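Asker: Pasting the sequence and the predicted model now:
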Amino acid sequence: MTKVGIIGCGNISRFHYEGYEKAGVQIVHVCDLRKEAADYVASKYGAKSSTDYRAVIDDPDVDLISVTTISSAHKQIILDAFDAGKGVLCEKTLTDNAVDSAEIARKADEKNVFCATAYMKRFFPGMQKAKQMLAEMGDIISIYARSWQYWDHWNGEIHEMFRTHPSIVVKNYGGGVLVCGGSHILDLIHWFGGRPESLCGDMYVREGLDFDIRANAMMWLKKGGIVHFETCWHPLLFGGYERNGWDERFEINTTKGRLDIYTVKWDTPTNNGMLLVHQDAFTGVTTEHRFPAVNPFDFEMAEMVRRFEANEKPEPSAWDGYVVDELIAQIGESSKRKEKITLKWVDKG
């Protein structure tokens, strides 16, 4: 049986440890800088508790480590885990910059160690169905992808917690809505359409803030398809598929039909099931695929454990994590330069 260590016991970690529990693996060691946070999680599973991440890495009982700290801490933790021969599942984003993410991906290949990036939205059953269907739907003509999340930074005075720079948003996540909301969508764009060849990006930062609250990009795919991408922290409380402010969806147009995908709020995924709508270009038949309300983290953890135990390559991999971080970096660069950028990937993947 795989034995798991968890480094970082903040909010996102519960989706990892609860998923591992359902997958039937043993959580043996947890760590957080806040002793009370580590002790709380450890008490749930009879695990060891530490405030130094190296204790988890050095623990001979640990096989696979979930890294759920802030992104700026990921690189050193992951590289130390590689040196100890541990497998890694790192919460998104892989790091807070593309250069470090590429280094991690190369090191994972060189050392032949398991290193996955936790983009859990791939694991919604509806997303898996969409991926399967696209394989039979011809070339992609266009993708419209958005993630609008309710958090109103547009109206009223800026809260005092954001007036000190770097703000807590930048310190904890390395950026604003492009990193926090857009990264999952960029991963899905790459998963559905492949790596873009070029892009134009634009980002908006309200005066007085140090993080973006809206980001847009147009991307050109290898086979000629085009992607329209946007992400925004917005003031529309009742917008979206669930009418709760979570407005995240895909429209994928192909030579043989269209897919419309409507997701549900990430941290309450068991409230509603996501919706996938397929329209056949030749018959005109439109079919709704509705799915049970499930937690995609549970599917993600189960699949990661399965791949780890079968000695299979992880998916999403460290290279997948690098792709997202490179896209984030180049959208920012394009916005700054006000010009189209040809993307140069550092590997042949």
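Answerer: Nice, thanks for sending it over.
Asker: Going by C-alpha atoms from here, please, whenever you check contacts or count neighbours.
Answerer: Fine.
Asker: how near is residue 81 to residue 240?
Answerer: 40 Å (CA to CA, to the nearest Å).
Asker: From one end of stretch 275-284 to the other, what's the distance?
Answerer: Criterion CA to CA; first-to-last residue distance in stretch 275-284 is 19 Å.
Asker: Strands of the stretch 151-300 of the chain, residue ranges please.
Answerer: Listed in chain order, the strands found in the stretch 151-300 of the chain under DSSP state E, counting those that start in this stretch are 198-204, 214-220, 226-234, 247-254, 257-262, 275-280, 286-290.
Asker: List the buried residues in stretch 186-194.
Answerer: Within stretch 186-194, the residues that count as buried by 16 or more other CA atoms under 10 Å are 186-190, 192-193.
Asker: what do you get for stretch 25-33?
Answerer: Across stretch 25-33, burial judged by 16+ other CA under 10 Å covers 25-32.
Asker: Dump the residues you listed into TSV; add pLDDT, secondary structure and distance to residue 72 as well.
Answerer: Output for the buried residues of stretch 25-33, formatted as TSV (pLDDT from 0 to 100; DSSP: H, G, I helix; E, B strand; the rest coil; distance: CA to CA, whole Å):
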residue	pLDDT	secondary structure	distance to residue 72
25	96	coil	28
26	97	strand	28
27	98	strand	25
28	98	strand	25
29	98	strand	22
30	98	strand	19
31	98	strand	17
32	98	coil	15
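Asker: picking up where we left off before, format the strands of the stretch 151-300 of the chain as JSON lines; extra columns: distance to residue 160 and mean neighbour count.
Answerer: Putting the strands of the stretch 151-300 of the chain into JSON lines (distance: least, CA to CA, whole Å; neighbours: other CA atoms under 10 Å) gives the following:
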{"stretch": "strand 198-204", "distance to residue 160": "20", "mean neighbour count": "20"}
{"stretch": "strand 214-220", "distance to residue 160": "20", "mean neighbour count": "22"}
{"stretch": "strand 226-234", "distance to residue 160": "18", "mean neighbour count": "23"}
{"stretch": "strand 247-254", "distance to residue 160": "27", "mean neighbour count": "22"}
{"stretch": "strand 257-262", "distance to residue 160": "35", "mean neighbour count": "21"}
{"stretch": "strand 275-280", "distance to residue 160": "39", "mean neighbour count": "18"}
{"stretch": "strand 286-290", "distance to residue 160": "43", "mean neighbour count": "13"}
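Asker: Could you export those as TSV, including distance to residue 7 and mean pLDDT?
Answerer: TSV is the format used below for these (distance: least, CA to CA, whole Å; pLDDT from 0 to 100):
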stretch	distance to residue 7	mean pLDDT
strand 198-204	32	98
strand 214-220	31	98
strand 226-234	29	98
strand 247-254	30	98
strand 257-262	32	98
strand 275-280	34	98
strand 286-290	36	98
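Asker: Turn the ones you listed into TSV, including distance to residue 107.
Answerer: TSV is the format used below for the strands of the stretch 151-300 of the chain (distance: least, CA to CA, whole Å):
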stretch	distance to residue 107
strand 198-204	27
strand 214-220	29
strand 226-234	31
strand 247-254	34
strand 257-262	35
strand 275-280	38
strand 286-290	41
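Asker: Out of those, which gets nearest to residue 150?
Answerer: Judged by CA to CA, the one of the strands of the stretch 151-300 of the chain that comes nearest to residue 150 is strand 226-234, at 5.0 Å.
Asker: mind listing what that closest one pairs with, with the direction of each?
Answerer: Partner strands and pairing direction for strand 226-234 (DSSP bridges) are strand 140-150 (parallel), strand 214-220 (antiparallel).
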